[in-house]
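K.L.:
structure here, sequence nowhere to be found:
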């Protein structure tokens, strides 16, 4: 290599590498992805990965071919951001690649519903359904706020769990929300809270004694009218 070529390469004038993310720049919290950098023309060498506007060095990998993969497992929110890479041969490095933007998003919030409904009779039973699209087993958390307390209940499940309310008391009324967490080896990834459901426990679900008496009287009056009409029609026929 002549002197002019050495000067050319020593100033970092290798072609900038390519950079891409697989499978997608939109990564779910706790998911896996890798950033691939390629020299295009030069086999081997060392690739450096940088993050952010300040080009903070993340790590380096030695390539045996034209590309190298930077694997990132169990993605956290801080893994999102802007990335660039470069490659180096014998201490001489290329320009930085184009910018690659990765977005790490929290898991979708679960849905929540109450069966048979959000109004429960005193001493009645109901079930709170928390559901997610995740098919692996996750830990669901039911968050309850009422006039006297705030507390949580936890249960493991795959896709959906039921939190029962048995022999409902007035104190079971309140605002209910649920979330879930995916467990990993050294960390966990949790969803946002679901929408709210407002549960009311009432003793007025069934008709009162006064209402029953009124209904009985109305029934007797109606029966009397039917009998009078029937008797009148029978007399006319005679």
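P.N.:
Now that the structure is in, tell me what you want to look at. Small disclaimer: the values here were computed from a predicted structure and weren't measured.

K.L.:
which residues of the protein score low on pLDDT?
P.N.:
1-13, 106-107, 184-188, 204-215, 217, 226, 229-230, 232, 236-238 (pLDDT under 70).

K.L.:
how is it divided into domains?
P.N.:
Here the domain parsing of the chain from automatic domain parsing is 3-105, 111-202.

K.L.:
for those domains, which one sits closest to residue 223?
P.N.:
domain 111-202 (30.4 Å; Cβ to Cβ). Placement of C-beta: from N, CA and C, glycine included.

K.L.:
wait, residue 183 sits on residue 156?
P.N.:
No: counting by Cβ atoms under 8 Å, residue 183 sits too far from residue 156 to count as a contact (9.5 Å).

K.L.:
shared neighbours, those two?
P.N.:
Contact criterion Cβ atoms under 8 Å, 6 or more residues apart in numbering; residues shared by residue 183 and residue 156: 138-139.

K.L.:
the two: which is more packed in?
P.N.:
residue 183 (14 against 11; other Cβ atoms under 10 Å).

K.L.:
for the closest residue to that one other than its chain neighbours, list the residues it contacts.
P.N.:
Once flanking residues are discounted, residue 183 sits nearest to residue 139: 6.7 Å by Cβ to Cβ, 6 or more residues apart in numbering. Going by Cβ under 8 Å, 6+ apart, residue 139 touches 154-156, 180-181, 183.

K.L.:
widest-spaced pair of these?
P.N.:
Farthest apart among those - using Cβ to Cβ - are 155 and 183, which lie 13.8 Å from each other.

K.L.:
how close does the closest residue to residue 98 other than its chain neighbours sit to residue 102?
P.N.:
With sequence-adjacent residues excluded and distances taken as Cβ to Cβ, 6+ apart, residue 98 is closest to residue 19, at 6.2 Å. According to Cβ to Cβ, to the nearest Å, residue 19 stands 11 Å off from residue 102.

K.L.:
which neighbours do the two have in common?
P.N.:
Overlap of the contact sets of residue 19 and residue 102 (by Cβ under 8 Å, 6+ apart) consists of 35, 83.

K.L.:
helices along this protein, start to end?
P.N.:
Under the criterion DSSP state H, the chain carries helices at the ranges 3-10, 209-237.

K.L.:
distance of the residue nearest to the spatial centre of the chain from residue 23?
P.N.:
Central residue of the chain (Cα atoms, centre = their mean): residue 108, 2.3 Å from the mean position. Per Cβ to Cβ, residue 108 is found 18 Å from residue 23.

K.L.:
and residue 88, by the same measure?
P.N.:
In terms of Cβ to Cβ, residue 88 sits 28 Å off from residue 23.

K.L.:
okay, these two: which has more neighbours?
P.N.:
Neighbours were counted for residue 88 and for residue 23 using other Cβ under 10 Å; residue 88 has more, 17 against 10.

K.L.:
could you check how far that one is from residue 37?
P.N.:
Counting by Cβ to Cβ, the gap from residue 88 to residue 37 is 12 Å.

K.L.:
how about residue 27?
P.N.:
Computed as Cβ to Cβ, the residue 27 to residue 37 distance reads 17 Å.

K.L.:
of the two, which one has the most company?
P.N.:
Shown here are residue 27 and residue 37; by other Cβ under 10 Å, residue 37 has more neighbours (25 against 19).

K.L.:
now do the contacts for that one.
P.N.:
17-19, 47, 49, 67-68, 70, 85, 87, 97.

K.L.:
relative to residue 133, which of the residues you listed is nearest.
P.N.:
residue 70 (28.5 Å).
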